[in-house]
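# Let me see the structure of the following:
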Amino acid sequence: MMRWMRGIGPRIATVALGSAAMLVTGAGGALASSGYGPPAPAAPSVPGGYSAVVTSQTIGPAGGKIGPLSVDGITTALTVPFGAFPASVQITLTAPNLAAVSGAGFAGHRAVAGVGIQVQERGAVYPGTFLKPLSLTMSSSSITASSVVVVWNGSVFVTESSASLAAGSATVTFNHDPNFAVLAPTGTAASTIPGATGATTGKPFLGEALLAGLLVLLGATGLGYARRRRTGV
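Model (predicted):
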């Protein structure tokens with residue numbers, strides 16, 4: 001009997017440990033599926049990644065506001081109107097690598113701002129579109145009225161038609177998870193030649209012309225005097 005007990009003891013221990021492990025795993029899975037947490041990073045195919053989480057906040061059906069806060073040095077504020085979501089959701093703002101976004105496929109431009117917005121409901125990507133559009137405002141001295149707001153459409157960056165631009169800010173509205181970037185023109189003013197005079201003044205050129213005329217007059221007077229001496233007049 002003692003030998004039998006010693007033989008079955010390790011088996012009972014193994015079964016008990018296995019059951020405990022299954023309980024822990026199951027509980028962890030349940031917590032993960034029901035709890036909130038920042039979503040997985042954006043697909044690596046998106047230039048810039050948009051994977052650096054800046055903030056992640058829960059917003060209910062009453063709506064609310066996230067920010068103003070800094071996203072890569074750009075002051076950003078997100079407004080969620082009343083009734084945009086029928087239940088509480090978690091909204092995560094992410095920052096891209098602007099150097100990797102570069103010109104976003106738009107020649108003569110470079111990215112000066114960018115924000116990604118991801119919405120989750122019960123730990124999963126929010127299904128469908130929002131009941132009301134959300135509004136995002138990005139503020140920076142790098143943004144001008146000639147800037148361009150673009151959004152990733154799953155394949156390429158395209159111009160965002162809802163964008164409103166002014167000196168120092170850009171505002172967009174949207175009803176699904178977007179990745180935005182603000183592009184600024186890279187053109188520079190024409191270079192000038194050091195020491196050159198502006199064409200509008202002309203002052204140095206006028207002085208040089210007067211000096212040249214005086215020298216010509218003196219030369220002519222000298223020639224006339226020399227002729228009179230030779231002819232004895």
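
# Sheet partners, orientation included, of the top strand by length along the chain?
Counting by DSSP state E, the longest strand found in the chain is strand 109-121. The strands that strand 109-121 pairs with in its sheet are strand 89-95 (antiparallel), strand 124-125 (antiparallel), strand 179-185 (antiparallel) (by DSSP bridges).

# Send me it as CSV with only the CA atoms.
Only the C-alpha atoms of strand 109-121 are listed here, as CSV (Å, rounded to 0.1, in the frame of the first residue of the first chain):
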residue,chain,number,x,y,z
HIS,A,109,6.5,68.6,-48.9
ARG,A,110,7.6,67.3,-45.5
ALA,A,111,5.7,66.1,-42.5
VAL,A,112,5.6,68.6,-39.6
ALA,A,113,2.9,67.0,-37.5
GLY,A,114,1.0,63.7,-37.3
VAL,A,115,-1.5,61.9,-35.0
GLY,A,116,-3.0,58.5,-35.1
ILE,A,117,-6.4,57.7,-33.4
GLN,A,118,-7.4,54.2,-32.4
VAL,A,119,-10.8,53.4,-30.9
GLN,A,120,-11.6,50.2,-28.9
GLU,A,121,-14.8,48.7,-27.5
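
# picking up where we left off before, kindly compare burial across the strands paired with strand 109-121 and name the winner.
strand 179-185 (a mean of 24; mean count of other CB atoms under 10 Å). Every C-beta, even on glycine, is put in place using the N, C-alpha and C of the backbone.

# hmm, who's touching that strand?
Identification of contacts with strand 179-185 by CB atoms under 8 Å, 6 or more residues apart in numbering yields 42, 46, 48, 50, 74, 96, 98, 101, 103-104, 106, 108-117, 136, 138, 140, 142-144, 146-152, 157, 160, 170, 172.

# So which of these belong to helices?
Among the contacts of strand 179-185, the ones falling in helices (DSSP state H) are 98, 101.

# Next, the buried residues of the longest strand of the chain.
For strand 109-121, the neighbour count (16 or more other CB atoms under 10 Å) marks 109, 110, 111, 112, 113, 114, 115, 116, 117, 118, 119, 120 as buried.

# ok, these vs residue 86, which is closest?
residue 119 (12.7 Å; CB to CB).

# Return the per-residue confidence for the closest one.
We have a pLDDT of 96 for residue 119.

# export the strands paired with strand 109-121 to TSV and tack on distance to residue 60?
Output for the strands paired with strand 109-121, formatted as TSV (distance: least, CB to CB, whole Å):
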stretch	distance to residue 60
strand 89-95	8
strand 124-125	17
strand 179-185	24
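
# so can I have a markdown table of the ones you listed showing mean pLDDT?
Shown next, in a markdown table, are the strands paired with strand 109-121 (pLDDT from 0 to 100):
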| stretch | mean pLDDT |
| --- | --- |
| strand 89-95 | 96 |
| strand 124-125 | 93 |
| strand 179-185 | 94 |
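
# For stretch 60-78, measure first residue to last.
14 Å (CA to CA, to the nearest Å).

# and the residue nearest to residue 49 when sequence neighbours are not counted, how many residues sit next to it?
Leaving aside its sequence neighbours, residue 49 sits nearest to residue 97 (CB to CB, 6 or more residues apart in numbering; 5.6 Å). Other residues lying near residue 97 total 16 when counted by other CB atoms under 10 Å.
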